[in-house]
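Trainee: next input, structure requested:
(2 chains)
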Amino acid sequence: MKSNLKPEFEVVEGTDARQVPVRLLVVQEEARPAVELQDEPVVMTFPHLFVRELIALVAASLFIVVISLLFDAPLEELANPQKTPNPAKAPWYFLGLQELLHYYPPVISGVVLPGLVVTALAVIPYFNVNVQRTPFWATHKPQKIVGVLVATGVVTLIFYITGAHPIWPLIGPTWLIGLCMLLPVLVRADLRVLRWVETRSLAFWIFTWFLVAAVVMSVIGVFFRGPAWSFTLPWVDGIY
Amino acid sequence: MHPNRDEPNPPTSPKKGLVEVLTDNRVTRSVIRHGYPDTNRNRALVVFSNFFLHIHPVKARVRAIAFPRTFYLGGLSAVMFFILVVTGLLLMFYYHPSSPRAYEDMKDLRFVVSAGVFLRNLHRWSAHAMVALVFLHMVRVFYAGAYRPPREFNWVLGVVLFLLTVLLSYTGYLLPWDQLAYWAVTVGTRMAQATPVIGDEISFLMLGGHSVDSNTLVRFFVLHCVLLPTVLTVVLAVHIWRVRKDGGIYIPPDERDETLRPGGEDTVSNEVVVAPNAEDEELQ
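Mentor: Below you'll find the model as predicted:
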């Protein structure tokens, strides 16, 4: 929003704030929602938002209190460097990475891949594909069908060959996402869900793929891994 | 007199109710500089003149405060952080970051300290909840596209906050000094050791030695109780401040919304909020 109003006062420059009392009005150029939406229904923050926040705070606190009354934090025996438990598991939010350790050497699974993920997350807003979010199927439909198939194939191949074992927990989500992307092409029906899927952007699909893969890897690491990182079933062998 | 400070009500009614007695006196008015919030002017001043509430605008968009939009995930993450700070401070009263004393303190919390187990449980479960909530908050923000310009850098700060949260949880994981803590941290540090070229240096810096021992305990304790929470608090303040500066919760500009209709009784139109006496204030 650039103002074309001419200032009606003489601009005097100086360093003494009392001699030169200048008031500044700075209007930032970017479009702000607060500026743009004039007819938006609003309510007073107090009490409307305040009460909602209070309820959220009390509800969350109560939830934690109840959980804390019901379940005790784990405490095992004194730390003993001579006695390695089998399996030795990291905290749950690292078990996706520890699951990767099963397939790749530590330098890949512990340093390179997490580094890439964090970098990719940080730079998300700086790429147009994420900012524009045009529906994936809006243009070049035939080429994109080939593209999805090729991408799914290549990613599958990478995860099949490069790891110490084929990484099914990553191949599975890759196929799932590929299939979901192709759903509007495969199924010709006038369904709301199909129209929704069709209008998703490439950024949506990449992020969803990352999310599903991360969740699957973590769930396997938490529930399905036992001694020597062997595959176990939690309902048969319990959770290690 | 301060222009925002209401004059105590003239004695029109012979009898004052309890609320008036409590709010209509010099002492209360010196703390809270506005009258009872039964008018929009005073409701505006509640937010406007309160340090803790001033992160909010005086008026909030109906669409922005609806629960299904954000599930309050960011706010709930902050609630968890608040619970963690309070319970963490209390836990520090009973904790020595030395081996094997740290473990004995855990036993004391369980068997000696009044409600010690409960205190530790609160800290433990809200820590897990915070990691999960921060991650879910990030997922929600991605799907909403709320990192779009001008909010790019705030997304980056969000990623930093997520990493800080994980690091806080990870450093805290060692402190009970039991087998679970010891080996979980050992697994993590072995991954850091795999860093090319500087892996051993990073590991030595983290551990204060070549393996997880009492030096590591002190380092993780200081990181967990002083350094990381301080950094997180500062980054969190900037994060929230930037949300406010960018116009509050992000709503896609092209969103077709059914709630955009003339509001109900509680809806405030944009014109009526500026009350007399407050006209020179920036009420937004």
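Trainee: for the strand or helix carrying residue B:168, give the mean pLDDT please.
Mentor: Here residue B:168 sits within helix B:152-174, counting by DSSP states H and E. The pLDDT scores in helix B:152-174 average 97.
Trainee: for it, which residues meet the burial criterion?
Mentor: Under the neighbour-count criterion of 16 or more other Cβ atoms under 10 Å in any protein chain shown, helix B:152-174 has B:152, B:154-162, B:164-174 buried. (Each C-beta comes from the backbone N, C-alpha and C, glycine too.)
Trainee: what's the answer for stretch B:184-192, then?
Mentor: In stretch B:184-192, counting by 16+ other Cβ under 10 Å, buried: B:184-192.
Trainee: could you dump whichever helix or strand comes after the helix holding residue B:168 to CSV, C-alpha only?
Mentor: Next along the chain after helix B:152-174, taking DSSP H and E as the criterion, comes helix B:179-193. Extracted in CSV, the C-alpha atoms of helix B:179-193 (Å, rounded to 0.1, in the frame of the first residue of the first chain):
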residue,chain,number,x,y,z
GLN,B,179,19.0,-47.5,32.6
LEU,B,180,16.3,-46.1,30.3
ALA,B,181,17.8,-42.6,30.5
TYR,B,182,21.4,-43.7,30.1
TRP,B,183,21.0,-45.9,27.1
ALA,B,184,18.5,-43.8,25.3
VAL,B,185,21.0,-40.9,25.4
THR,B,186,23.9,-43.2,24.5
VAL,B,187,22.0,-44.3,21.4
GLY,B,188,21.4,-40.6,20.5
THR,B,189,25.0,-39.5,21.0
ARG,B,190,26.3,-42.4,18.9
MET,B,191,24.4,-41.0,16.0
ALA,B,192,26.0,-37.6,16.6
GLN,B,193,29.4,-39.3,16.6
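Trainee: show me what secondary structure element comes after helix B:179-193.
Mentor: Taking DSSP H and E as the definition, the helix or strand right after helix B:179-193 is helix B:199-207.
Trainee: that next one versus helix B:179-193: what angle between them?
Mentor: 150 degrees (axes from the mean of the first three to the mean of the last three Cα atoms, to 10 degrees).
Trainee: picking that back up, hmm, the helix holding residue B:168 touching chain A?
Mentor: Yes. Applying Cβ under 8 Å from any Cβ of the partner chain, one finds helix B:152-174 touching chain A at B:152-153, B:155-156, B:159, B:163, B:166, B:169-170, B:173.
Trainee: which of the helices or strands spans residue A:43?
Mentor: Per DSSP H and E, residue A:43 falls inside strand A:42-44.
Trainee: for that strand, which residues meet the burial criterion?
Mentor: A:42-44.
Trainee: try stretch B:43-60
Mentor: B:43-50, B:53, B:56-60.
Trainee: take those residues and keep only those in helices.
Mentor: Among the buried residues of stretch B:43-60, DSSP state H puts B:43-48 in helices.
Trainee: which one of those is nearest to residue B:137?
Mentor: residue B:47 (23.5 Å; Cβ to Cβ).
Trainee: so how far is chain A from that closest one?
Mentor: For residue B:47, the distance to chain A (Cβ to the nearest Cβ, to the nearest Å) stands at 5 Å.
Trainee: quick one: that residue and residue B:57 touch, right?
Mentor: Yes. With contact defined as Cβ atoms under 8 Å, residue B:47 reaches residue B:57; the gap is 7.5 Å.
Trainee: circling back: which strands and helices sit next to the helix holding residue B:168?
Mentor: helix A:113-123, helix B:116-144, helix B:179-193, helix B:214-222, helix B:228-245 (3 or more Cβ pairs under 8 Å, 6 or more residues apart in numbering or on different chains; DSSP states H and E).
Trainee: how about these in a markdown table, adding mean pLDDT?
Mentor: Listed next are the helices and strands packed on helix B:152-174 as a markdown table, based on pLDDT from 0 to 100:
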| stretch | mean pLDDT |
| --- | --- |
| helix A:113-123 | 94 |
| helix B:116-144 | 97 |
| helix B:179-193 | 89 |
| helix B:214-222 | 96 |
| helix B:228-245 | 96 |
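Trainee: distance to residue A:152 added to those helices, as CSV?
Mentor: Formatted as CSV, the helices and strands packed on helix B:152-174 follow (distance: least, Cβ to Cβ, whole Å):
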stretch, distance to residue A:152
helix A:113-123, 19
helix B:116-144, 22
helix B:179-193, 29
helix B:214-222, 42
helix B:228-245, 37
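Trainee: the ones you listed: which one's closest to residue A:79?
Mentor: Using Cβ to Cβ, the nearest of the helices and strands packed on helix B:152-174 to residue A:79 is helix B:179-193, at 3.5 Å.
Trainee: which residues touch the closest one?
Mentor: A:74-81, A:83-85, A:88-91, A:94, A:97-98, A:101, A:106, A:109-111, B:170, B:173-175, B:199-200, B:202-203, B:206-207, B:211-212, B:216, B:220 (Cβ atoms under 8 Å, 6 or more residues apart in numbering or on different chains).
Trainee: stretch A:111-118 too?
Mentor: Residues contacting stretch A:111-118 (Cβ under 8 Å, 6+ apart): A:97, A:100, A:104, A:210, B:159, B:163, B:191-192, B:194-196, B:199.
Trainee: if we use 7 Å, what do you get?
Mentor: The contact list for stretch A:111-118 (Cβ atoms under 7 Å, 6 or more residues apart in numbering or on different chains) reads A:97, A:100, B:159, B:163, B:194-195.
Trainee: for the closest residue to residue A:200 other than its chain neighbours, the count of nearby residues, please.
Mentor: Distance criterion Cβ to Cβ, 6 or more residues apart in numbering or on different chains; nearest residue to residue A:200, sequence neighbours excluded, is residue A:136 at 6.1 Å. By other Cβ atoms under 10 Å in any protein chain shown, the residues close to residue A:136 number 22.
Trainee: same deal with residue B:107?
Mentor: Burial measure for residue B:107: 14 neighbouring residues, criterion other Cβ under 10 Å.
Trainee: I'd like to know how far residue B:143 sits from chain A.
Mentor: Taking Cβ to the nearest Cβ, one finds residue B:143 at 7 Å from chain A.
Trainee: fine by me, thanks again.
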